[in-house]
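Novice: this one's sequence-less:
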């Protein structure tokens, strides 16, 4: 069995040192952070978060810490179609059972 490669990077939610491994054929990162615990984020969501208000990061960090047992917070770009004159959230996040989280 091939062990996944572990990378060092500052957490995109709390900006503290963290570790991640690639997931979903390199389209996501699965983070382990001493502060935020564990979460997975798509590349697009990570880029969007880097250019957004810091309040989103803090809220997502809190959500990651509150994940139910055996679940992982997964953060992705919103898949909702843009509606005229309606502000749509740019990020989706949901708790996914650990057994169903893409690796």
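Specialist: Cool, got the structure. What you see is a predicted model, and the numbers here were worked out from it, not measured in a lab.

Novice: mind checking how far the residue positioned nearest the centre of the chain is from residue 103?
Specialist: In the chain, the centroid-proximal residue (C-alpha atoms, centre = their mean) is residue 41; its distance is 2.7 Å. The spacing between residue 41 and residue 103, counted by C-beta to C-beta, to the nearest Å, is 14 Å. From N, CA and C alone the C-beta is placed, and that goes for glycine too.

Novice: Over to residue 26?
Specialist: From residue 26 across to residue 103, the span is 12 Å (C-beta to C-beta).

Novice: Of the two, give the one with the bigger neighbour count.
Specialist: A direct count of neighbours by other C-beta atoms under 10 Å for residue 26 and residue 103 places residue 103 higher, at 11 against 8.

Novice: surely the more buried one meets residue 23?
Specialist: Yes: Residue 103 is within contact range of residue 23, at 5.5 Å (criterion: C-beta atoms under 8 Å).

Novice: rewinding a little: check contacts around the residue nearest to the centre of the chain.
Specialist: Residue 41 sits next to 12, 28, 29, 31, 49, 74, 75, 76 when contact means C-beta atoms under 8 Å, 6 or more residues apart in numbering.
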